[in-house]
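Asker: Pasting the sequence and the predicted coordinates here, then a few questions.
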Amino acid sequence: MRITVFGATGNVGQAVVAEAIHRGHQVTAVTRDQRKVAALPTQAYAQVGDVNDISDVIRLSEGQDLVISATRPTVGHEKQLINIAEALLTGLRETHTRLLLVGGAACLTVPNSDGKLVLDDESLVPAGWKDIAQACFEQYQLCVAHHNQNWSYASPSALIGVGERTGQYRVSEGELLVDKTGKSHISWQDFACALIDEAETAQFVGKAFTAGY
């Protein structure tokens, strides 16, 4: 597959680029910062571009099979997530390229809660995380309402971070995954495995899904 990755120098983005290259895909790795180009793998086609710019989205998705966006705004700029989704969905409608959007867990339901959203569970979303969770939820809502429905929305577990690539994880459509101890977690590397699996299978087009242990 020909895959463009926005946010290729972030934690998830780096893992996605590495996993896609490992599987033999042709990867265009995009960063906004020219200074970070040198940090991208030599096996990837490095490009500078802004996911907020529809013209860049079109330019970097032309002829591609899929765009994966793994960007994350800085604190205080969480609402950029909604603008990013709008730019991606609008631009990719022009190029007929499928979108795999890495969002947040806010839109998922909590297990055994009668449909309570992660967004509304203070044990999963403490006050300091509320702004980013709210922005992720609004980003997902925009996807659902948009005229371009050629997308999949990937929600990580409640906790995602440093770990190993085990290739062992579970997926769920719409409900947060927790392990036997009640913990919801996954490594960046295994989340990247789940993303590239979705890239290859297109199992959740027009839907939100999550991956976890």
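Answerer: Thanks, I have the structure now.

Asker: Tell me where the protein has strands.
Answerer: All strands of the chain, identified by DSSP state E, fall at 2-6, 26-31, 45-48, 66-69, 98-102, 151-155, 159-161, 170-172, 185-187, 208-212.

Asker: so what strands line up beside the lowest-mean-pLDDT helix or strand in the chain?
Answerer: Least confident helix or strand, the chain: strand 159-161 with a mean of 95, by mean pLDDT, DSSP states H and E. Applying DSSP bridges, strand 159-161 is found paired with strand 185-187 (parallel).

Asker: Please verify my assumption that residue 32 contacts residue 50.
Answerer: Yes: proximity of residue 32 to residue 50 meets the contact threshold set by Cβ atoms under 8 Å, at 5.4 Å. The C-beta positions use only the backbone N, C-alpha and C, and glycine is treated the same way.

Asker: Report how many residues lie close to residue 163.
Answerer: Applying other Cβ atoms under 10 Å, we find 15 residues neighbouring residue 163.

Asker: swap in residue 180?
Answerer: 6.

Asker: And for residue 128?
Answerer: For residue 128, using other Cβ under 10 Å, the count is 8.

Asker: Please report the distance of it from residue 170.
Answerer: Per Cβ to Cβ, to the nearest Å, residue 128 is found 28 Å from residue 170.

Asker: Relative to residue 90, which of the strands of the chain is closest?
Answerer: Closest of these to residue 90 is strand 98-102, at 10.7 Å (criterion: Cβ to Cβ).

Asker: And the average pLDDT for the closest one is what?
Answerer: For strand 98-102, the mean per-residue pLDDT is 98.

Asker: How about exporting it as PDB, limited to the C-alpha atoms?
Answerer: What follows is strand 98-102 as a C-alpha-only set of coordinates in PDB (Å, rounded to 0.1, in the frame of the first residue of the first chain):
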ATOM      1  CA  ARG A  98      -9.200   6.700   2.800                       C
ATOM      2  CA  LEU A  99      -8.500   8.200   6.200                       C
ATOM      3  CA  LEU A 100      -7.400   6.500   9.400                       C
ATOM      4  CA  LEU A 101      -7.600   9.100  12.100                       C
ATOM      5  CA  VAL A 102      -5.900   8.500  15.500                       C
END
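
Asker: Quick one: residues in contact with that strand.
Answerer: Residues from elsewhere that reach strand 98-102 (Cβ atoms under 8 Å, 6 or more residues apart in numbering): 7, 12, 65-71, 85, 88-89, 92, 139, 143, 148, 150-154, 156, 195, 198-199, 202, 205.

Asker: what pairs with it, and is each one parallel or antiparallel?
Answerer: Strand 98-102 has these strand partners (DSSP bridges): strand 66-69 (parallel), strand 151-155 (parallel).

Asker: which stretches of this structure form helices?
Answerer: With DSSP state H applied, the chain shows helices at 11-22, 54-61, 80-95, 130-145, 188-201, listed in chain order.
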